[in-house]
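>>> Based on what follows, work out the 3D shape:
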Amino acid sequence: MSIQIYINGKFYSKEDAKISVFDHGFLYGDGVFEGIRAYNGRVFKLKEHIDRLYNGANALLLNIPLSKEEMTEVVLETLRRNNLKDAYIRLVVSRGEGDLGLDPKKCKEPTIICIADKITLYPEKMYEEGLEIITSAVRRNPAEGVNPQIKSLNYLNNILAKIEANLYGALEALILNTEDYVAECTGDNIFIVKDGKLITPPPYVGILVGITRNVIIELARKQGINVEEKVFTRYEIFSADECFLTGTAAEVIPVVKLDGRPIGNGKPGPITKRLLNDFKEYIKNEGIPIYN
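Purely as a prediction, here's the structure:
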């Protein structure tokens, strides 16, 4: 059976789900989105995702016509309509239909879309063996342009880096900022482990503050692991004991090689494995129930 997709208050089959070619989300990447996960009949960190969506929309002066409570129900009902208990949810709010000009005032009503389906970002064996990644020549766009903390529909910066990864046969690419400090990967935040300490870039270097990133920081501190947010370069990754990525779709995945250099002993490390297991336990009972 075709999946049911929410668009502006109604549900449509995948074949019938359409938006206008004059929608500013399509023409200009004018809008925001969230990727959300459901596990075991619960939507993981839905409040945090909804809050980030509205914060991003506010930064774009994009007024969402639904309350946060109504948007929450849109997500839950989309899952119910598709009879999904484990899923990836894509929530999109665009500026809406306008004309061929740039002026957002021509867009009278935002377009709200919710899609729920399955997703597999990396092969399962990569979670056991680890990823080999490359550094992209593409730099993270500075906050003075499109602030990376806005999860906007304009994802070209990330896509160009992903294209570069594909050209080199890698599944992921590291992105540096314009000062050559480590920012993040194309769809994931990055952590390194050095001498038992967990280190991750601070938001001001040009990252999206990930929901999963924040959970891992919380879990690490509960384990008594010292966590620091500080700037570092590729050299610190080369000389790290461990490295891993976090993201809604990726969850927690080890990185064992960067630009041909092995990280640590070239295998997923003990702290990475422990946090991955902690995360799997954490998601079992966390989240808003799909069915009351």
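
>>> Check whether residue 66 really touches residue 91, as I assumed.
No: assessed by CB atoms under 8 Å, residue 66 is found out of contact with residue 91, at 10.9 Å. All C-beta spots, glycine's among them, are computed from the backbone N, C-alpha and C.

>>> List the residues that are in contact with both of those two.
By CB atoms under 8 Å, 6 or more residues apart in numbering, residue 66 and residue 91 have these common neighbours: residue 74.

>>> Which residue of those two possesses the greater neighbour count?
A direct count of neighbours by other CB atoms under 10 Å for residue 66 and residue 91 places residue 91 higher, at 23 against 16.

>>> Bridge partners for the more buried one, pull those for me.
residue 34, residue 114 (DSSP bridges).

>>> Give the helix, strand or coil label for residue 57.
Put simply, residue 57 is helix when judged by DSSP: H, G, I helix; E, B strand; the rest coil.

>>> what's the neighbour count on it?
Residue 57, neighbours per other CB under 10 Å, totals 20.

>>> same check, this time on residue 248
22.

>>> ok, it - contacts?
35, 36, 37, 44, 88, 210, 211, 212.

>>> can you check residue 63 too?
Neighbours of residue 63 in contact, by CB under 8 Å, 6+ apart: 57, 110.

>>> wait, what's in contact with the nearest residue to residue 137 once chain neighbours are set aside?
Of all residues not flanking residue 137 in the chain, residue 164 sits nearest, at 6.6 Å (CB to CB, 6 or more residues apart in numbering). Residues near residue 164 by CB under 8 Å, 6+ apart: 134, 136, 137, 138, 173.

>>> any idea which helix or strand carries the third one?
When elements are assigned from DSSP states H and E, residue 137 belongs to strand 131-139.

>>> Hmm, residue 52 and residue 151 touching each other?
Yes: contact criterion CB under 8 Å: residue 151 and residue 52 qualify, at 6.6 Å.

>>> With pLDDT as new columns, can the contacts of residue 164 be given to me in a markdown table?
Shown next, in a markdown table, are these (pLDDT from 0 to 100):
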| residue | pLDDT |
| --- | --- |
| 134 | 98 |
| 136 | 98 |
| 137 | 97 |
| 138 | 96 |
| 173 | 98 |
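
>>> Please produce a PyMOL select command covering the buried subset of these.
Applying 16 or more other CB atoms under 10 Å to those leaves a buried subset, and the PyMOL line that selects it is:
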select buried, resi 134+136+138+173
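
>>> Kindly reformat the contacts of residue 164 as JSON lines and extend each row with distance to residue 254.
Output for those, formatted as JSON lines (distance: CB to CB, whole Å):
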{"residue": "134", "distance to residue 254": "16"}
{"residue": "136", "distance to residue 254": "20"}
{"residue": "137", "distance to residue 254": "24"}
{"residue": "138", "distance to residue 254": "24"}
{"residue": "173", "distance to residue 254": "16"}
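
>>> ok, so of the contacts of residue 164, who is nearest residue 159?
Using CB to CB, residue 138 comes nearest to residue 159 of those, at 9.2 Å.
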